[in-house]
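**Q** Kindly generate the corresponding structure for this input.
(one chain, ligands or ions: 2)
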Amino acid sequence: MGLLIKNIKCLVQTEEHPRQRVCGGEMARITNIPDAFLLIEGDRISDYGPMEKCPADPRISGTVADVIDAGGKMVFPSFCDPHTHLVYSGSREQEFSDRIRGLSYEEIAKRGGGILNSAKKLRETSEDGLYEQSMVRVREIISLGTGAVEIKSGYGLNTADELKMLRVIKRIRDNTALEVRATFLGAHAIPAEFRNSREKYIDLVINEMIPEVAEQKLADFIDVFCDEGFFTVEETERILSAGLKYGLRPKIHANELGFSGGVQTGVKYGALSVDHLERSGEQEIAVLSGTGTMPTLLPGSALFLGLPEPQARKMIDSGLPVALASDFNPGSCPSGNMKLIMSLACIRLKMLPEEAINAVTINSAYAMGLSGSHGSIARGKAANVFITKEIPSYGFMPYAFGSNLVETVILKGKRII
Ligand code: NIG
Ligand code: FE
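**A** Ligands and ions are numbered 1, 2, ... in the order given. Below is the predicted model:
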């Protein structure tokens, strides 16, 4: 069965010659087709173009196609969200109040709150319960236009519970239309029981967790929270080296809380992305230049925690690519709304709407190893798109920051919403 979407007011982010990522000044350009059609066969985009080239007979490969008339509405490639922790248990609004009263994220973490608070809740939750709680968030992000998502472990902090999280991620991958990538983040925090013997925990990550995760093929990537108060550069290097032996490419948390050396470490180990970067300057930009490592910015966390804004402008003006992600997690960004992330990038990071669109599609697909198949409207790419409500222009998406403007969701060629 095929699907034809016709009379599209504007087909956004089309690519005749798909690129792996978009850098520097190129980020301010997107290619759109006004008054367009989009043809889907199976789970792939088979054709697109201006309405005058639209197939008159909506029969595709001999079968009658569904036809959607998108008059007045726009079609975007689904958002790709390359950094989330959306598998978690419960929530942490008490810490939200504590921060309003003046405590910092680091102070809350030192008191056993933060990541350790989520680890406690997760360990007490059954695998089925964790799946059900996570699926509420999965359904929400699908309705908000996300079509591909990276999800991390990191609230288990022991072998059994890290594996439990990764199995839940696999279940989401197997049971939903989302494209899912899994990242092992055993080195998210030192668990309370290892407070006085952190090397023992790092040994456990290296000698037990990584081999087990790799053996069970539960992760695509490896992550370390390389930052002040969490994991040092030396510890990060040991863990990344161990992961690389098993083919786990790094995607790391870096420079959120301090100039941690995380960006340099990520580049040194060939990370696909270095994420956060609220604390970064000329040196970090220089080290990223000319590499395959994608700086991935998380403006939702910077907003929620009141952190300095990552220097998106300087990065783009220096010729770097930039990707955006939600960081959906209970501690620093309890939202997976990628349209809101685009708005924050425009309002607070001074990214142009076109730059933000590139950063939530092609570049964010790159940051999870998916830009060959996702992140733009191109023949042969996955048919993951959404149709907006009636809107005046594509720039209205980041502009109207509080409204959900996603009306129809098509994932893997099937209409989900
Ligand atoms: O990306 N920085 C580390 N990890 C998450 C927060 C995790 C949490 O607070 O639960 C982040 O911000
Ligand atoms: Fe994160």
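**Q** Name the helix or strand of this protein that has the lowest mean pLDDT.
**A** Using mean pLDDT, DSSP states H and E, strand 59-60 stands out as the lowest-scoring helix or strand of the chain, at a mean of 61.
**Q** What is the neighbour count of residue 197?
**A** Applying other Cβ atoms under 10 Å, we find 11 residues neighbouring residue 197. For the C-beta atoms, the positions are set from N, CA and C on the backbone; glycine is no exception.
**Q** Tell me the pLDDT of it.
**A** Looking at residue 197, its pLDDT stands at 98.
**Q** Against ligand 1, how distant is it?
**A** Between residue 197 and ligand 1 the computed distance is 22 Å (Cβ to the nearest ligand atom, to the nearest Å).
**Q** doesn't residue 5 make contact with residue 387?
**A** Yes: using Cβ atoms under 8 Å, residue 387 is in contact with residue 5, at 6.8 Å.
**Q** Could you tell me the phi and psi values at residue 377?
**A** phi -90, psi 100 (degrees, to the nearest 10).
**Q** Can you give me the neighbour number for it?
**A** Neighbour tally, residue 377, other Cβ under 10 Å: 25.
**Q** what does residue 56 give?
**A** Residue 56 - counted by other Cβ under 10 Å - has 5 other residues nearby.
**Q** Check residue 193 too.
**A** Using other Cβ under 10 Å, residue 193 has 11 other residues around it.
**Q** same check, this time on residue 390
**A** 13.
**Q** How about residue 237?
**A** Residue 237 has 17 nearby residues by other Cβ under 10 Å.
**Q** Now name the helix or strand holding it.
**A** Element membership for residue 237, per DSSP states H and E: helix 233-245.
**Q** what's next to that helix, contact-wise?
**A** With Cβ atoms under 8 Å, 6 or more residues apart in numbering as the test, helix 233-245 has contacts from 184, 186-187, 198, 202, 205-206, 210, 222, 224, 226, 231, 249-250, 252, 260-262, 264-265, 268-271.
**Q** Show me which positions of it end up buried.
**A** Judged by neighbour count (16 or more other Cβ atoms under 10 Å), helix 233-245 contains these buried residues: 233, 235-240, 242-243.
**Q** quick one on the thing from earlier: check the contact lists of residue 387 and residue 5 and give me the overlap.
**A** By Cβ under 8 Å, 6+ apart, the residues touching both residue 387 and residue 5 are 68, 70, 75.
**Q** What ranges in the stretch 1-150 of the chain fall below the confidence cut-off?
**A** For the stretch 1-150 of the chain, the stretches flagged by pLDDT under 70 are 1, 57-64.
**Q** need the residues of the chain near ligand 1, please.
**A** 85, 114-115, 118, 225, 253, 256, 301, 327, 329-332 (Cβ under 6 Å from any ligand atom).
**Q** and if we set it to 5 Å?
**A** Applying Cβ under 5 Å from any ligand atom, one finds that the chain approaches ligand 1 through 115, 225, 253, 301, 327, 329, 331-332.
**Q** From those, pick the one nearest residue 52.
**A** residue 327 (43.1 Å; Cβ to Cβ).
**Q** Assign the closest one to helix, strand or coil.
**A** coil (DSSP: H, G, I helix; E, B strand; the rest coil).
**Q** Do I have it right that it meets residue 299?
**A** No: with contacts counted by Cβ under 8 Å, residue 327 stays clear of residue 299, the gap being 9.1 Å.
**Q** Name the next helix or strand downstream of the helix or strand hosting residue 359, please.
**A** Residue 359 belongs to helix 353-360 when assigned by DSSP H and E. Going down the chain from helix 353-360, the next helix or strand is helix 362-366, by DSSP H and E.
**Q** any residues touching that following helix, and which ones?
**A** Contacts to helix 362-366, defined as Cβ under 8 Å, 6+ apart, come from residues 13, 15, 19-22, 27, 79-82, 148, 272, 294, 296, 321-325, 371, 373-376.
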